[in-house]
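Trainee: please work out how this folds:
(one chain, ligands or ions: 1)
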Amino acid sequence: MSRSEFCGSTVLVTGGAGFIGSNLCHRLLDDGPERIVVVDNLLSADMVNVPDHPAIDFRLGSIADDRVLQQLPQQFDWVFHLATYHGNQSSMHDPLADHANNTLTTLKLFDHLATRQAPRKIIYASAGCTVAQKTFDAAEATTEDDPVSLYLDSPYQISKIVGELYGNYYFTKHKLPFVKARFQNVYGPREILGAGQWRGTPATVWRNVIPTFIWKALCNTALPVENGGIATRDFIYVGDLVEGLIACAHKALPGSVYNLATGVETSIGELAHLINSAAGAPAPVDLRPARTWDRSGKRYGDPTKARTELGFTAATALPEGLRQTVEWTRANRSVIERCITQHRHFLDRKAGL
Ligand SMILES: NC(=O)c1ccc[n+]([C@@H]2O[C@H](COP(=O)([O-])OP(=O)(O)OC[C@H]3O[C@@H](n4cnc5c(N)ncnc54)[C@H](O)[C@@H]3O)[C@@H](O)[C@H]2O)c1
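Mentor: Numbering: from 1, shown residues only. As a prediction, this is how the structure comes out:
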């Protein structure tokens with residue numbers, strides 16, 4: 001198979017207005033699909049991310065909504081299921097909203113697809129954090145067949161793994177060509193702080209660590225570093241991650257699971273230093289206590305299986321990826337400011353102002 005197999009095809013991207021989904025849509029357009037149907041309820045996304053292109057067919061709504069499902073085209077060549085209730089902390093604040101927009105979305109989508117002619121592949125966005133070790137000691141890279149704890153840290157993590165279980169069921173019983181892609185920590189352009197609706201905690205605005213640190217560094221405000229910055233993560237650039245998703249679409253074995261990871265562990269302390277140098281304006285570090293809910297302090301993924309079976313390697317080194325993300329953040333300052341500002345009264349109330 002070659003990439004040009006997307007040419008003339010019909011693709012469904014759920015969550016396609018979000019950070020990773022929109023990068024995927026932009027990338028897929030290079031291959032000339034006939035139509036990319038994007039279903040997104042803009043819970044954690046902004047329309048500015050959706051490509052303005054005649055092949056994009058944007059549907060505002062939830063993929064768990066029967067009317068939305070019924071109005072989808074009869075057949076898709078490819079499906080990328082990226083919709084989620086973002087993220088761990090929002091899900092702890094409102095587990096039912098997580099269920100409605102994370103677990104239920106996945107079940108309804110797979111159940112719907114089982115009644116149609118099967119796509120060539122359905123790629124499901126799963127999360128490496130669900131299988132990560134719960135340790136602050138030296139971590140081992142998680143492999144695809146590592147055991148999953150029955151005591152996960154958040155409803156988000158539960159939803160992600162339940163999605164895998166449902167996918168396995170529909171693969172086994174209904175022959176849906178389902179593939180699980182387990183992402184490590186993704187960063188890069190189009191992750192807009194504050195995009196979408198207030199979801200109950202300041203984590204609505206301060207999403208993952210990289211966009212948060214970059215924004216704060218550019219605004220010369222202190223970078224909040226928890227637990228002495230000893231936690232580690234495996235940061236994968238979104239351009240690479242998208243190539244990994246495309247490799248899954250082309251080469252993955254239905255029913256299989258693949259880590260999309262770099263295999264490189266970076267501490268949060270080191271990350272703060274790298275971001276300060278990429279931003280060129282060193283911000284102070286604000287040392288804070290460890291987060292009480294997050295027990296997987298040190299974690300990274302083993303990329304061997306994806307490299308061997310899919311030929312996928314995350315090529316972008318962290319300093320280069322950060323450089324590109326800083327550049328994008330500078331160029332999109334007004335969009336980010338608009339999205340952050342729409343939550344200002346909630347943030348002020350949280351801060352007791
Ligand atoms: N960003 C990461 O580091 C990371 C790591 C592991 C896994 N993932 C997975 O990757 C996927 C994309 O994540 P992201 O970082 O781009 O997050 P995101 O919040 O930017 O994207 C999620 C999208 O889903 C949409 N959405 C929410 N509920 C929906 C619903 N009911 N129907 C349709 N759309 C809905 C949101 O509006 C948003 O556009 C998610 O499935 C996430 O679990 C991300």
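
Trainee: every contact and neighbour count from this point should use C-alpha atoms.
Mentor: Fine.

Trainee: state the distance from Phe213 to Tyr187.
Mentor: Remark: distance between Phe213 and Tyr187 (CA to CA, to the nearest Å) = 12 Å.

Trainee: quick check: buried residues in the worst-scoring helix or strand of the chain on mean pLDDT?
Mentor: Ranking every helix and strand in the chain by mean pLDDT, DSSP states H and E puts strand 285-288 at the bottom, with a mean of 86. In terms of neighbour count (16 or more other CA atoms under 10 Å), strand 285-288 has its buried residues at Val285.

Trainee: distance check, Pro224 against the ligand.
Mentor: Taking CA to the nearest ligand atom, to the nearest Å as the measure, Pro224 falls 18 Å from the ligand.

Trainee: and Phe312, by the same measure?
Mentor: According to CA to the nearest ligand atom, Phe312 and the ligand sit 17 Å apart.

Trainee: can you count the residues close to that residue?
Mentor: By other CA atoms under 10 Å, the residues close to Phe312 number 23.

Trainee: verify the stated contact: it with Ala306.
Mentor: Yes. Phe312 is within contact range of Ala306, at 5.6 Å (criterion: CA atoms under 8 Å).

Trainee: returning to that earlier point: the least confident helix or strand of the chain pairs with which strands?
Mentor: When pairing is defined by DSSP bridges, strand 285-288 lines up against strand 223-226 (parallel).

Trainee: now the partner strand: mean pLDDT?
Mentor: The average of the pLDDT scores along strand 223-226 is 89.

Trainee: export only the CA atoms of that strand, formatted as CSV.
Mentor: Output of strand 223-226 as CSV, limited to C-alpha atoms (Å, rounded to 0.1, in the frame of the first residue of the first chain):
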residue,chain,number,x,y,z
LEU,A,223,6.7,27.8,34.9
PRO,A,224,4.9,25.6,37.4
VAL,A,225,7.2,22.6,38.1
GLU,A,226,5.7,20.0,40.4
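
Trainee: name the helices or strands packed onto the next helix or strand after that strand?
Mentor: Per DSSP states H and E, the first helix or strand lying C-terminal to strand 223-226 is strand 232-233. If contacts are counted by 3 or more CA pairs under 8 Å, 6 or more residues apart in numbering; DSSP states H and E, strand 232-233 sits against strand 266-267.
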